[in-house]
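Novice: Based on what follows, work out the 3D shape:
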Amino acid sequence: MAEPEGMSLLPVEIMEMTPDFFARYFEVTGVMEALKNAFISPEINGQIQMINVDRGSRVKKGDLILKLNTDVTRKSMEEIETNLELAKRIFTKQQELWEQNIGSELQYLEAKNAMESLEARLATLQKQLEMAHVSAPFNGIIDDIMVKEGELASPGIPLVHLVNLSGMRVSANVSEAYLSSVSKGDLVELRFPAYPELVMKAAVTRLGEVINPQTRTFTLEVELKNRGEKLKPNMLTSVRIQDYRNDNALVVPSSILRQDFNGTFLFKVVEVDGTSIAKKVYVKRGITVQDQTMITEGLSAGDLVITRGFNLVVDGTRLRIIQA
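Specialist: Numbers count the residues shown, from 1 in each chain. Below you'll find the predicted structure:
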């Protein structure tokens, strides 16, 4: 473009308005936990006879972890088995007599009851014998052993900590202000201070149904597979959540927006008689993310806006377009 005689043109840089993807995110801190995580305790009292694992051992579901002393139980079973053998013989004799209409019904019923009672007691002791063998409820790693051989074990008192690291869950507390911005199934971005290079994307698996009255937050949960078992329980996690997106947004650098008594404006370029002229345009600004602002009114696709040199421009300034 030729420069008019006797008049200089102000050099400026421009950008063309092109619809593009624009999104806003917020971040919350989450805590990692294993989907399968158990502190194992026995179902009966007893002295620990043998511990079959070490810290760090990998076990499969059903593998023996430890065994309680069963001497008393076995002796009781032997005694009952002896008594049961006698009770069965007595019952058989009484049954034969009863079928021959000899003896009373009461004697028959008493013999039957004595036999069945001993059978029930034997079954109970057999179950207790099985309970003395503490097994792994799922595949996992023995993270800690809190007891030693010879110590007493009781129901409800943890003996072993078993954890499976293949599946993890991130739990985070999110402000109720974002309740309408997050849905189950939304993809979130996970970052880990312990592994700065690691970035994972996963879907929201659950949203809490109750707002915490003290913190005004609700719970967000994300489940993910832990390949390589790098992620550990209680690890802190940054959860980046998208709360707004527009696939056809017009976005400008925030720095080019100026303000006067009439509102927010910028300068775009128009052609007048073959010369590029600055035109002051009032716009309506939308969401700002970092140094980018979405324009919701005042600009159209294809418009050219001034991005450098705009501080020297007034409405009607003649321009010379330079390459950025």
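
Novice: which residues touch the nearest residue to residue 145 once chain neighbours are set aside?
Specialist: When the adjacent residues along the chain are set aside, residue 145 lies closest to residue 160, with 5.4 Å between them (C-beta to C-beta, 6 or more residues apart in numbering). The C-beta positions use only the backbone N, C-alpha and C, and glycine is treated the same way. Shown in contact with residue 160 (C-beta atoms under 8 Å, 6 or more residues apart in numbering): 39-40, 53, 65-66, 134, 142, 144-147.

Novice: In a markdown table: those residues, plus distance to residue 8.
Specialist: As requested, those are arranged in a markdown table below (distance: C-beta to C-beta, whole Å):
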| residue | distance to residue 8 |
| --- | --- |
| 39 | 80 |
| 40 | 84 |
| 53 | 85 |
| 65 | 87 |
| 66 | 91 |
| 134 | 90 |
| 142 | 81 |
| 144 | 79 |
| 145 | 84 |
| 146 | 84 |
| 147 | 89 |
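
Novice: Which members of the residues you listed are classed as buried?
Specialist: 40, 53, 65-66, 134, 142, 145, 147 (16 or more other C-beta atoms under 10 Å).

Novice: Buried ones in the longest strand seen in the chain, by neighbour count?
Specialist: Ranked by residue count, the top strand of the chain under DSSP state E comes out as strand 20-40. Neighbour-count burial for strand 20-40 flags 22, 24, 26, 28, 30, 32-34, 37-38, 40 (criterion: 16+ other C-beta under 10 Å).

Novice: ok, of the residues you listed, which one's closest to residue 59?
Specialist: Nearest to residue 59 among the buried residues of strand 20-40, counting by C-beta to C-beta, is residue 40 at 10.6 Å.

Novice: which secondary structure elements does the helix or strand bottoming out on mean pLDDT in the chain contact?
Specialist: Least confident helix or strand, the chain: helix 71-99 with a mean of 77, by mean pLDDT, DSSP states H and E. The contact analysis (3 or more C-beta pairs under 8 Å, 6 or more residues apart in numbering; DSSP states H and E) places helix 71-99 against helix 105-131.

Novice: How about residues contacting the helix or strand that the helix it packs on is followed by?
Specialist: Where DSSP states H and E defines the elements, the next helix or strand beyond helix 105-131 is strand 133-135. Strand 133-135 has contacts (C-beta under 8 Å, 6+ apart) with 40, 42, 61-68, 159-160.

Novice: Give me the subset of the residues you listed lying in strands.
Specialist: Short answer: these in strands (DSSP E) are 40, 64-68, 160.

Novice: where's residue 285, which helix or strand?
Specialist: strand 275-289.

Novice: Just the mean pLDDT for that strand, thanks.
Specialist: Average pLDDT, strand 275-289: 94.
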